[in-house]
Every structure is written in structure tokens, then in C-alpha cells.
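**Q** Here is a sequence together with a model predicted from it:
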Amino acid sequence: MKTIFRSIMAILTAAAVLASCNKEVEVVKTMTTDVNAVTDVAASNPAEISVALTTNVNWIVQTPEWITPSAVFGSGDAILTFKVGENYVNETTTVAPRTGEIKISGGGSIDGVGVSASVTVSQLGYTYVDPNAPIEQIPDAAEFIDFIKAINSGNTPTRWMNDNGEVTLSNDIDLSEFTEWQQFVTAANNGNNSSKVEGKAFSGVFDGNGYKITGFNPTVHLAANQTFGLFSLLNEGVVKNVVLEGNMNVTAEGQADAGMLVGTAYNSTVKNVTVNGKITSAGTTVGKRFSIGGVCGYAYAGTIGETEYGNTLFEDCVVNAEVDFVGGSNTANGATCAMYGGICGFATTPNADNPHKVTIRNCVNNGDMNVKLGRCSGIIATANTGVILEDVTNNGNQVNTIANGRLGNIVCNVSHYCTLKNCVNNGDLDATAAGYSGTAGGIFALAGSATITGIEGGGNYGTIKTLSTAGKYIGLLWANHNAAIPTKNMVASGRIIVDGVEREINASNYMENLGSIKVPESVTDITWVAPKN
């Protein structure tokens, strides 16, 4: 019996072995792609998608209607390309982004068991932005440039105005990539006692919210009666709470004005601004006024034509700009010269009957001035008519290589209906160019009008260096006090060095070194403070 059982098991085992030998070897089907997803495909002019397929079976491709494959079916490994259709109509039509799936299938036609792979494709849409739609702020350089272009085109900048009607910054702005500054030059017919609004002006409120505007690096050339600045022309406008940094290079061929922040300000306010960087100029080639300022080139208050306007104010401004300014062939020392002022180059009102003023209050210049100019000062070069300087300070040093200039480190020329109150100079003035025969004073060079309303407070703590060829018009406080101007409560300090030799100034002789005084009794209560070693 056992023998029969062993025989049956042997027969069954042999049958199983034979059956195993006759069966085909099973092949594992595979299919993979080198990418599973493609994102951020451009809406307009999209590039083709390339997919590397690795497989050992026949395959077929299925796609959304907006994706066209290079091959619909095939066998084995392949490089497949897919053309993506445009998701863009035109620049004024908004199109939503879209997502689709490329599916590759194979290996299921005989035994019903297949393999597959998929690639997700995400294509960007297009959003139309109305250029006139309000955004209520300026977030970046592109919008800032568009804002300035709108102003210079005479358009109201409603796109960037908030509910209060003000234009504000919401971020720092970098303008270093922008180079087309010449297009920002505009017309401004500015006389020495009159102005006429000819160009496009900003008449609103710009609030920088304390942010910085950097990369302001213009190189511009001005024709006659033109003006230039970040804001080339203000007319009853306000610019406040902003820091401006850059390097301005500007020249002119006629009467013109330029400032880092503002070219010309009519009846406007500039408040709480800081200017950093450098100002360079080769001046002008004609005997016309060319005034440049660290903040503003030309400021005016009063009547324009038959329209009565208000005051112009510069308040809480700080200038840290280094200045390299040569007047070109325009090297006279009068109102037609090339001139520079740390806060403003030239300021005026129309006449004695004008009740309005240009006021520079609580402003500071820290920038050194390396110049060849008939007039150059840390605060304002020419206070022509109706200008008030109050609580201002100059800390910048001036080296001026002009042969014959009117030089003072607060203001060069003070004229009709002007007031100086608490003006302090800490900077040195060096006018030791060979043959220098001009005037040099710590506070101002010339006050020549009996209509000047007063000079009070403040004082000079800087050193004045000049040559004996300048004659008597050298002084700790001024060069030439040439009228019966009420002057009191000032501090005389600092040093005077003539031909390289320092004068011995002390409590006994300091009044003799204040500068030339035409009416001595108009000058009272001047205090001597010995300079620090």
C-alpha cells in the first residue's frame, strides 16, 4: 500500500514540475516620468513642456484641449513635448489661471492590468490693472515714476490719493534703475522779483511717511527758464516726511533753477525732509542766474500775475549732501551768478507791498561745499526780498576758489524786508584762492538794505580764511553790514586767518572784527566767546 502511495505522489510531483516549465515568465510592467508637475507656465507665449517617459509597454496620451502632445501613442521610452495654448486675450481682459492633467496610460489591452503616469500643468492667468484705478498709495518705484509722469503731464494724481486727498508712500522706493530724468525738466519763468507758472506743477500733498527714496541719480541739462528736481515744480503743494538719497548732476545754458527735492516752489511747504548724497554741476556759460539748492532751487511767495497766493515754508529740513559746483564761465558775484544754498538757492517775494514770506525755519546743513561760485552758503545763497531765516544752523565747511565773491556760511546776500533770527554757523569758510578780492563773513556777506527788518540772535563759531587782497570786508559775523539794520544779541566767536596768519581776537577788540559796519549804533549786545582750541 505504501508503495502505491509513493508512486502516486511521484506522478503528481512530476506533473507539477512539467506544468511549471511550460508556463511563460511573467514581465513586470513599469511607467514613470521625470516630472510630476509643471507650474507657473506663462499666460502669453508659453514655452513647450518636455517630459521624459520611461516604460516597457505600449502607451497612449490624453490631454486637456488646451495642451497638444507631440505624439498620441507609442511604445517604450520616449521624450514627449507638449504645446500649451495661450491663456491671454488682450491687455484689458482678465483671464483666470488654469490647471490640467496630462495622463499617459499603457499595458492594459491584453490582460486588463495596466500602468499609468500623470503630469499636472498649472498655467498663469492675466489680471487687467486699470492705470487710473485708485490704489491710494505708492508702493514701489514703477508707481512712483508713473505718479511723477502724471504730474508732469498736468494730470491729477487721483490714482495714488487716499481719502484725505494726499499721496503717500507705503514702502521705500529705489529709483536706481530709472535713467530718463531729462523728461522731468519743466518750464519755470523765474525772475529775481517775479515768477510765472508755465510748467506742470504738483499742487497736492505728498507724505513720504518717513520712507526713503533712494537711487535718485539724474544727469540733466537745463535750457533757459527751466527747472528740475524730484518734484520739478510745486505750486501750492506740500512735500513732507521723506528721506531722499542720490547724486544729482545738473548744468544749464540760461537762467534756470534746480534742487535735489524741488526745482521751484511757489507758495508751497516742504517739511521734515532729509537729503543725502552729492550735488555736482559745471554751472552755466552765460551771465544769468543759475541757482541750485540741496532742497530747493528757487522759492517764491506772493502774487503771480493777478492771483494772490500765500507763503512758502521750509521747516525741519536736513541736508547732508556733499557739493562740487563750479560756475562755469558764469562767475559774477551778483544776482545773475551761479549760486548754491544748502536749503535753497534763491528766494524772493515780488515787492514791499507783498504780505507773504518765504520762511526757512529749524533747518540744518551738514554738507561740505567745494565750489567756485560767486555766492554759496549752507542755508540760502540769496535772500532777495521778504525772506525769513529762523533757527537755522550750518555745520558744513566751504572751500570756494572764486576770485571775487560774496561769501557767507548762512547766507550770502540779505536784502529787502528780510529777517535773520537765531542763525548759527559752525562751519569753516576758506576763500584763499590766489588773488581773492571778494567778501567773507561767518553769517552773511552783505546786508545792504535799510528795509531789512532785523538780525537777532545766533552767532558764528567757525573759522574764516581769506587773503589780505579782500581788504576790509572780512568778519566773524559778516563781511559788510551796509545799512541801519537793527542787529542785536549775537555771539561772535571763531577765528579769522588772513594770508595764513591768525588774527589775535579777544574781549577787547572783537567788535573791530565783526566785519564792516556802516551804522555802528544799529549793532548792539554782541557777546564775545573765545573759540575752543
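**A** Structure received. Numbering: from 1, shown residues only.

**Q** Where do the helices of the stretch 201-350 of the chain begin and end?
**A** Applying DSSP state H, counting those that start in this stretch to the stretch 201-350 of the chain gives no helices.

**Q** What is the neighbour count of the closest residue to residue 451 other than its chain neighbours?
**A** Spatially, and ignoring its direct neighbours in sequence, residue 451 is nearest to residue 416 (4.6 Å; C-beta to C-beta, 6 or more residues apart in numbering). Every residue, glycine included, has its C-beta placed from N, CA and C. Neighbourhood size, residue 416 [other C-beta atoms under 10 Å]: 20.

**Q** ok, now residue 374?
**A** Residue 374, neighbours per other C-beta under 10 Å, totals 27.

**Q** Now do the helices in this protein.
**A** Ranges of helices in the chain, per DSSP state H, are 2-22, 141-152.

**Q** Which of these has the lowest mean pLDDT?
**A** Among those, helix 2-22 has the lowest mean pLDDT, at a mean of 39.

**Q** In stretch 449-463, which of the residues would be classed as buried?
**A** For stretch 449-463, burial by neighbour count (16 or more other C-beta atoms under 10 Å) applies to 449, 452, 455, 456, 457, 458, 459, 460, 461, 462, 463.

**Q** Narrow the residues you listed to those in strands?
**A** 455, 456, 457, 458, 459, 460, 463 (DSSP state E).

**Q** which one of those residues sits closest to residue 324?
**A** residue 463 (21.4 Å; C-beta to C-beta).

**Q** residue contacts, that closest one?
**A** Contacts for residue 463 (C-beta atoms under 8 Å, 6 or more residues apart in numbering) come out as 428, 429, 494, 495, 496, 497, 531.

**Q** Can you pick out the most distant pair from the residues you listed?
**A** Among those, 429 and 531 lie farthest apart (C-beta to C-beta), at 14.2 Å.

**Q** Neighbour count for the two, which is higher?
**A** Neighbours per residue, other C-beta under 10 Å: of residue 429 and residue 531, the larger number sits with residue 429, 30 against 13.

**Q** what sits against the more buried one?
**A** Counting by C-beta under 8 Å, 6+ apart, residue 429 has contacts 397-398, 400, 407-409, 440, 442, 462-466.

**Q** make it 7 Å
**A** By C-beta atoms under 7 Å, 6 or more residues apart in numbering, the contact list for residue 429 reads 398, 407, 409, 440, 462, 464, 465.

**Q** Burial check on the nearest residue to residue 163 once chain neighbours are set aside, number of neighbours?
**A** Closest residue in space to residue 163, ignoring its immediate chain neighbours: residue 136 at 7.5 Å, by C-beta to C-beta, 6+ apart. A count of neighbours around residue 136, defined by other C-beta under 10 Å, yields 15.

**Q** these two touch, right, residue 136 and residue 162?
**A** Yes: Residue 136 lies in contact with residue 162 (C-beta atoms under 7 Å); the separation is 4.6 Å.

**Q** Out of the contacts of residue 429, which is nearest to residue 291?
**A** Distances from residue 291 to those, taken by C-beta to C-beta, are shortest for residue 407, at 15.6 Å.

**Q** If I look at the closest one, what pLDDT would I see?
**A** 97.

**Q** wait, what's in contact with it?
**A** Applying C-beta under 7 Å, 6+ apart, the residues contacting residue 407 are 376, 400, 429, 431, 438, 439, 440, 445.

**Q** Distance-wise, check residue 375 relative to residue 329.
**A** 16 Å (C-beta to C-beta, to the nearest Å).

**Q** These two - which one has more neighbours?
**A** Legend: neighbour count by other C-beta under 10 Å for residue 375 and residue 329, higher for residue 375 (34 against 12).

**Q** what about that one, distance to residue 404?
**A** 11 Å.

**Q** Walking through the stretch 51-200 of the chain, point out its strands one by one.
**A** Per DSSP state E, counting those that start in this stretch, the stretch 51-200 of the chain carries strands over the ranges 58-62, 67-69, 73-75, 78-84, 98-106, 115-123, 166-168, 173-174, 186-187, 189-190, 195-196.

**Q** Count the residues that sit near residue 468.
**A** Counted with other C-beta under 10 Å, residue 468 comes out at 11.

**Q** still on that earlier bit, of the contacts of residue 407, which belong to strands?
**A** 376, 400, 429, 439, 440, 445.

**Q** can you pick the most crowded of these?
**A** residue 376 leads the ones in strands among the contacts of residue 407 on contacts (other C-beta under 10 Å) with 34 neighbours.

**Q** hang on, isn't it packed against residue 399?
**A** No: look at residue 376 against residue 399 with C-beta under 7 Å: they stay out of range, at 9.7 Å.

**Q** And residue 238, how far from residue 160?
**A** Using C-beta to C-beta, residue 238 is found at 15 Å from residue 160.

**Q** Residue 58 now?
**A** Distance from residue 58 to residue 160, by C-beta to C-beta: 62 Å.

**Q** mind showing which ranges of the stretch 101-250 of the chain have poor pLDDT?
**A** 109-112, 131-132 (pLDDT under 70).

**Q** Widest-spaced pair of the ones in strands among the buried residues of stretch 449-463?
**A** Pairwise distances across these peak at 23.6 Å for 456 and 463 (criterion: C-beta to C-beta).

**Q** Does residue 440 touch residue 431 like I think?
**A** Yes: counting by C-beta under 7 Å, residue 440 touches residue 431, with 4.9 Å between them.

**Q** shared neighbours of these two, anything?
**A** By C-beta under 7 Å, 6+ apart, the residues touching both residue 440 and residue 431 are 407, 466.
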